[in-house]
Structures are given as C-alpha cells and as structure tokens.
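In: Below is the sequence, then the predicted model.
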Amino acid sequence: MTASELLNQIKNEPNVLGLLVDTLNLYKNQNGFEQDLLTPGFVKEWLISDILGHDCHKTKHGADAYSKDGKEKYEYLSCKEGGSFQLDRIHKGNLHRIERNDSFFFAQFDKDNGLKCKRIWKGNTDVVLEESIKKIESMSDSSKHIGFTSKWVNENCELIFENLKPE
C-alpha cells in the first residue's frame, strides 16, 4: 500500500492527523523506541538508519545508530538541499561526541519534501574530527555549532546512496 492509498482509505475518518500520528507512535513503540516521536531529528535518524540497514538508537542517548552487530557507532547529520549539515553543542571539551563514532553519515533531504532522502555520504571520523577542530579554533566562544557544507561533504566523503527518482 502506498502513502496515497492509505490516506485515501482514511480520509473520511475524524481526526486523520491524529490517527496517522498515533499509528506512527504505536509503530515506534512496537519497535522498542523510548523517546518521544517528535524528539528533534528522531524521525529523520530512523529513516536514515532504515535506508542504511543500521539499528537506530532506542533512547536518544549516545550514538545515533549502530551496526547490526552493535560493534560500530554512527553519527547522522542531515539537512535539506541548499543547507548545511550541523553538529550542535560541540566545543573543545566534548570532542568525544565525535571521537566515539566509527563513521559519520551526511544525509541530504529534498528541499520540497523534507522527508525524502536524496543522498547519503559516508565520512571518516578522523576527517570529520580534523575539520571540526579547525572550525572550533576559529569560532567565537558563544557559537557551539559546526557547519559542514555540501561542497565539503562531497569533496571529503564517499557518496553511498542516491535517490533522484521523482515523487
């Protein structure tokens, strides 16, 4: 069943939005996730992990995802086309948030349909750490966000997923 077919099937139900959100929340709970469905970034992280065949975090603590065997940790950064990938709340004192990961994945979503993943790049943790340290050294103390442009990601990471099919 497609999303359009599902919506057509329930369009006459009272509170369609509530029904869809409750259904997704039930599905989230059945899959063992503990955090709120609307926790910032969670739905996109879940989508990315599904595309890549990773296990998405269940609690929002620690890495964003893990390899199926649980031995590797991954960090996901995402943005819409035209935006930059942001690593938030990072400074010299918590670089372990970068170093704990075996790889970084940069997922770019469609500018018009923010839930359609168009591209994913895989980045080496050492390369991301090196760039992060450079950026931390040149940013003000009040700024705690590091941005990675699409250009930087394209030049320094490996494109591993591309979905350019029209909707």
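Out: Cool, the structure landed.

In: Just confirm Gly147 is within a strand.
Out: Yes: counting by DSSP: H, G, I helix; E, B strand; the rest coil, Gly147 is part of a strand.

In: Bridge partners for it, pull those for me.
Out: In this structure, Gly147 has the following beta-bridge partners (DSSP bridges): Gln86.

In: Give me the distance between it and Leu7.
Out: Look at Gly147 and Leu7: by C-beta to C-beta, to the nearest Å, they are 36 Å apart. Every residue, glycine included, has its C-beta placed from N, CA and C.

In: ok, now Arg97?
Out: Distance of Arg97 to Leu7, given as C-beta to C-beta: 39 Å.

In: for the chain, what spans make up the strands?
Out: With DSSP state E applied, the chain shows strands at 55-56, 65-66, 73-80, 85-87, 103-109, 117-124, 146-148, 158-162, listed in chain order.

In: ranking those strands by burial, who's on top?
Out: Of the strands of the chain, the one with the most neighbours on average (mean count of other C-beta atoms under 10 Å) is strand 103-109, at a mean of 23.

In: so which of the strands of the chain gets nearest Thr39?
Out: Proximity to Thr39, assessed across the strands of the chain by C-beta to C-beta, is greatest for strand 55-56 (11.7 Å).

In: list the helices and strands that closest one packs on?
Out: With contacts taken as 3 or more C-beta pairs under 8 Å, 6 or more residues apart in numbering; DSSP states H and E, strand 55-56 sits against helix 42-52, strand 65-66.

In: which neighbours does the last one have in its sheet, and in what orientation?
Out: In this case it means strand 65-66. Using DSSP bridges, the strands paired with strand 65-66 in its sheet are strand 55-56 (antiparallel), strand 73-80 (antiparallel).

In: could the ones you listed be laid out in TSV, adding mean pLDDT?
Out: Conversion of those to TSV gives the following (pLDDT from 0 to 100):
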stretch	mean pLDDT
strand 55-56	96
strand 73-80	97
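
In: Enumerate every residue touching the most centrally placed residue in the chain.
Out: Against the mean C-alpha coordinate of the chain, by C-alpha atoms, centre = their mean, the closest residue is Glu45 at 3.7 Å. By C-beta atoms under 8 Å, 6 or more residues apart in numbering, Glu45 lies in contact with Cys56, His57, Asp64, Ala65, Tyr76, Ser78.
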